[in-house]
Every structure is written in structure tokens, then in C-alpha cells.
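**Q** Please work out how this folds:
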Amino acid sequence: MKEFDNAVRAVVSSGNCSGCGACALIDPGLRMSLDNAGFNRPIRVTELDPSQDARATEEFRATCPGLVVRRPDSSGGDFEASLGWAVSSWRAWAVDSETRFRGSSGGVLSALSDWLLSSGRTAKVIGAAADTAEPRRTVVVQLGMPTVRERQSSSRYAPVSVAENESSLDADVAVIGKPCEAAALKQLSDFRQLENRPLLLSFFCAGVPSQWATDRLLSELGIPDESPLRTLRYRGHGWPGEFYAETVDGVAAATSYEESWGKQLGPSMQWRCKVCPDGVGESADIVAGDFWTTDERGYPTFEEGAGVSALIARTRRGHETIVAAMKANAIHAEPLDLREISSIQPYQVERRETLWARLVGRRLAGWRTPSFRGYGLMRLAAARPVRSARYAYGSFRRSLAETRNARR
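**A** Residues are numbered from 1 along each chain as shown. The predicted structure is shown next:
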């Protein structure tokens with residue numbers, strides 16, 4: 001067996017694959033496909049040329065976020081322990097009211113992608129949208145085209161592998177992807193020492209649910225598996241918006257974001273997302289996330305309203321892009337302190353502060369874990385040792401149970 005295939009298989013078998021698709025970008029002989037658990041995993045469709053094995057293995061080991069994620073060097077600006085570096089940070093939304101309405105949190109990334117294309121700053125924007133033939137599924141598409149414009153708006157809480165796209169490292173391209181996809185593409189760009197790189201846009205990510213969770217939720221809402229869908233959206237058409245599906249026969253069903261994410265989608269999240277060091281897109285040039293209204297504990301209230309994003313420029317290139325889009329009246333943005341963003345993202349803060357403990361518990365149970373460099377995880381965990389010990393023990397117990405189940 002080739003060394004590259006061995007390396008890929010080790011990441012998948014350890015539960016550390018995020019399904020980003022970078023391995024399939026390195027080796028087009030791989031394709032991302034849903035596994036039995038409902039997550040995208042690489043499968044081999046054509047053999048790798050033996051002469052390319054060493055090169056592909058080296059790139060994979062330097063790139064795969066299931067092996068390593070490196071915190072990018074500072075581009076200057078402000079710093080917050082749970083959010084990283086920011087050249088600038090903003091409270092923002094799309095100026096176009098329809099784009100703002102359709103988007104998950106103000107339509108900022110949709111507005112930016114449209115403006116990047118119309119202004120000629122990029123030749124194309126690569127991202128995710130509902131599959132035309134089967135809206136239950138999510139696929140990689142070229143955004144901004146009339147045929148996908150409606151499908152591209154709002155979040156897709158399902159597996160998709162944006163980094164797999166063959167154009168995702170082109171210099172004249174912008175890529176909208178999950179933080180793990182942004183990390184993979186940045187690390188691969190760095191490893192290849194590309195002078196001209198794609199513009200990377202990302203979003204605050206809580207994790208990737210199983211595809212089967214979407215199917216179960218539809219069934220619970222009274223839409224059978226055999227019913228063809230006209231549309232399925234996870235959010236949008238308001239903020240935060242509802243989970244909404246409609247069959248080709250006009251049968252519609254909906255439930256709140258709190259119900260869909262909190263009770264069905266979120267609990268099905270893959271393991272790698274539970275130990276993600278970077279749900280806030282530090283490897284991107286620009287990252288957007290919900291700027292929620294919160295209750296007295298600091299947790300989101302999910303009250304319906306006009307969408308608002310927290311928008312962070314991680315790099316000078318990202319900052320210049322945001323300012324230019326504001327001047328072009330594509331987005332509205334007001335300066336925002338980083339600490340205001342962290343205060344309304346308690347999940348992201350807690351996940352990072354407890355990550356080192358969860359990794360320790362996993363390793364003590366005999367599992368491999370990725371290497372996360374530069375995030376100061378041990379220091380964050382040491383600030384609350386009792387809580388960290390509790391998380392380590394919980395991770396250890398769950399990982400031992402996973403080992404026993406795997407041996408059955």
C-alpha cells in the first residue's frame with residue numbers, strides 16, 4: 001500500500017478527518033463521499049502514480065487539519081485569546097435588503113461574493129449550495145452564477161468538501177469555506193510557496209452534523225425520504241431563520257433554528273469538530289459570524305430580526321477588501337471591538353478553553369489527536385484547572401467507550 005494512502009487512512013480511522021477535501025485536491029485520484037455515519041470521507045477512484053507518492057504524502061502531512069493546524073502569524077491589529085488576531089473587526093450586513101433577508105446572518109458573505117465578481121476582483125467564487133437534483137444534499141459550486149444564486153444564500157449544516165475543488169488554489173479565485181477548509185488551503189498554499197493565493201473567506205463554525213441528521217429531521221417533520229424536494233434551507237429568510245423544506249408537490253414543513261440545530265443537527269456532530277482549535281476562521285482573510293443578541297448569561301436569544309454579522313479582517317488583504325466593499329455600497333459595516341464579539345460567542349470561547357483537556361483525555365485512552373500549534377491551549381486550560389480535569393475525564397471515558405465499540 002502506498003505511503004500516501006496509509007497516511008490518509010490513519011487520519012480517517014483515528015476519527016480526526018474533518019471532511020475538508022484537501023487530500024482530494026492533493027491527489028485527484030481521491031473523491032469525497034458520504035460514509036456510513038453520514039460524513040464526507042475520501043475514497044480512492046483512480047490509482048496514484050507511484051512517482052507522485054512521496055510528494056503527495058509530504059503535502060498531506062503538512063496540510064491536513066486532521067494532522068496539524070498552525071495558528072497564522074500576526075498581521076497586526078488587535079488580539080483576543082479566543083478569537084485570535086484581527087486587523088479590523090466590524091458589525092456588518094448586506095446593503096441589498098433581499099440579500100440580507102436571505103442570508104443566515106445579514107448576508108455579508110453573499111454580498112461580498114457578488115461584489116467580488118461584479119467588480120472583477122475575482123474570476124469566480126467557490127463555495128457550497130444545495131444540490132439542484134437533491135436539495136437534501138450539499139455540493140461545491142461556483143457562486144454568483146444566476147443558476148445558484150438563490151441556493152447559495154444561508155448556511156448549510158451538512159457535509160460538504162469545498163477544499164476538494166480543483167480551482168480552490170487559483171490566484172484569481174475567492175473561496176468561502178469552513179475554518180478547517182481555510183486552514184487546509186492556507187497551509188497547502190504556504191507549503192507550495194504560492195506567491196498569488198486565493199482570497200479565503202470563512203465563517204464561525206460550530207461543527208459539521210451528519211447528513212443522516214438532516215434526513216431524520218425531515219422525517220420527523222413529516223417529509224418521507226422518497227418525497228422529492230423543491231427546496232431545503234437550514235436558515236435564512238429572516239434571522240436566525242427557520243429550517244424549512246418544501247416538496248415538489250407543495251408540501252412544506254418548518255421548525256425553529258433552536259429546535260433544528262439544538263435537538264437534531266448539533267448532537268450528530270463529527271468527533272473532529274468537537275476538538276476543533278479554530279471555529280472562528282483564523283486562517284481566512286475574512287471571517288463572518290452571527291452577532292447575536294444575548295440573555296443575561298451571554299447566550300444567544302435567537303429572537304427573529306434583521307440579520308447582523310460580526311465581521312473580522314484577519315489580514316491586510318481582508319481589511320482592504322472589506323473597506324472597498326463598503327465604499328462600493330455592497331455592505332454596511334461599523335467598527336466593533338473584538339471583546340464584544342467574544343462576549344456573544346460563548347460556545348467558541350468555551351470550546352477553545354477546554355480543548356487541551358479534551359485532547360489529553362483522548363490521548364490517555366489511546367487515540368491519536370491532531371497537533372494544534374500556536375493557540376496557547378495549555379495556558380487557557382490552566383486558568384480553570386478543576387473544569388479542565390472534568391473535561392479530560394469526560395473525554396477519556398467517551399474515548400474508551402469508542403474503543404470498546406470499535407472492537408465489537
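**Q** Could you list the low-pLDDT ranges of the stretch 251-400 of the chain?
**A** Residue ranges of the stretch 251-400 of the chain with pLDDT under 70: 294-304.
**Q** Can you show me the strands along the stretch 151-300 of the chain?
**A** With DSSP state E, counting those that start in this stretch, the ranges of strands along the stretch 151-300 of the chain come out as 173-176, 199-203, 229-233, 242-247, 252-256, 286-290.
**Q** Export those to TSV and append columns for mean neighbour count and distance to residue 359.
**A** No exception for glycine: its C-beta is placed from N, CA and C like everyone else's. Output for the strands of the stretch 151-300 of the chain, formatted as TSV (neighbours: other Cβ atoms under 10 Å; distance: least, Cβ to Cβ, whole Å):
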stretch	mean neighbour count	distance to residue 359
strand 173-176	25	28
strand 199-203	26	23
strand 229-233	19	35
strand 242-247	21	32
strand 252-256	15	33
strand 286-290	27	23
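**Q** Now tabulate those strands in CSV and tack on distance to residue 64.
**A** Converted to CSV, those look like this (distance: least, Cβ to Cβ, whole Å):
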stretch, distance to residue 64
strand 173-176, 17
strand 199-203, 17
strand 229-233, 30
strand 242-247, 32
strand 252-256, 36
strand 286-290, 21
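**Q** what about residue 158, how many residues close to it?
**A** A count of neighbours around residue 158, defined by other Cβ atoms under 10 Å, yields 25.
**Q** shouldn't it be in contact with residue 139?
**A** No - between residue 158 and residue 139 there is no contact under Cβ atoms under 8 Å: 10.1 Å.
**Q** So which bits of the longest helix seen in the chain are buried?
**A** The longest helix of the chain (DSSP state H) is helix 385-407. Residues of helix 385-407 classed as buried by neighbour count (16 or more other Cβ atoms under 10 Å): 388, 391-392, 395-396, 398-400.
**Q** which one of these is nearest residue 50?
**A** Distance to residue 50 across the buried residues of helix 385-407 (Cβ to Cβ) is lowest for residue 399, with 36.1 Å.
**Q** do you know how far that closest one is from residue 180?
**A** 21 Å (Cβ to Cβ, to the nearest Å).
**Q** mind checking which helix or strand the residue nearest to residue 394 when sequence neighbours are not counted is in?
**A** Leaving aside its sequence neighbours, residue 394 sits nearest to residue 361 (Cβ to Cβ, 6 or more residues apart in numbering; 6.7 Å). Element membership of residue 361 [criterion: DSSP states H and E] is helix 355-364.
**Q** Buried residues in the next helix or strand after that helix, which are they?
**A** For helix 355-364, the following helix or strand on the C-terminal side (DSSP H and E) is strand 371-373. For strand 371-373, a neighbour-count test (16+ other Cβ under 10 Å) marks residue 372 as buried.
**Q** on contacts alone, who are the packing partners of strand 371-373?
**A** strand 68-70 (3 or more Cβ pairs under 8 Å, 6 or more residues apart in numbering; DSSP states H and E).
**Q** Relative to residue 99, which of the strands of the stretch 151-300 of the chain is closest?
**A** strand 286-290 (13.1 Å).
**Q** just the angle between the closest one and strand 199-203, please?
**A** 20 degrees (axes from the mean of the first three to the mean of the last three Cα atoms, to 10 degrees).
**Q** For the next helix or strand after strand 286-290, C-alpha coordinates in PDB please.
**A** For strand 286-290, the following helix or strand on the C-terminal side (DSSP H and E) is strand 309-313. Provided in PDB are the C-alpha atoms of strand 309-313 (Å, rounded to 0.1, in the frame of the first residue of the first chain):
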ATOM      1  CA  SER A 309     -22.800  39.700  11.300                       C
ATOM      2  CA  ALA A 310     -19.600  40.100  13.300                       C
ATOM      3  CA  LEU A 311     -17.000  40.600  10.500                       C
ATOM      4  CA  ILE A 312     -13.300  40.200  11.100                       C
ATOM      5  CA  ALA A 313     -10.500  41.000   8.700                       C
END
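**Q** so how far is strand 309-313 off the chain centroid?
**A** The chain centroid and the centroid of strand 309-313 are separated by 15 Å, computed with Cα atoms, centre = their mean, to the nearest Å.
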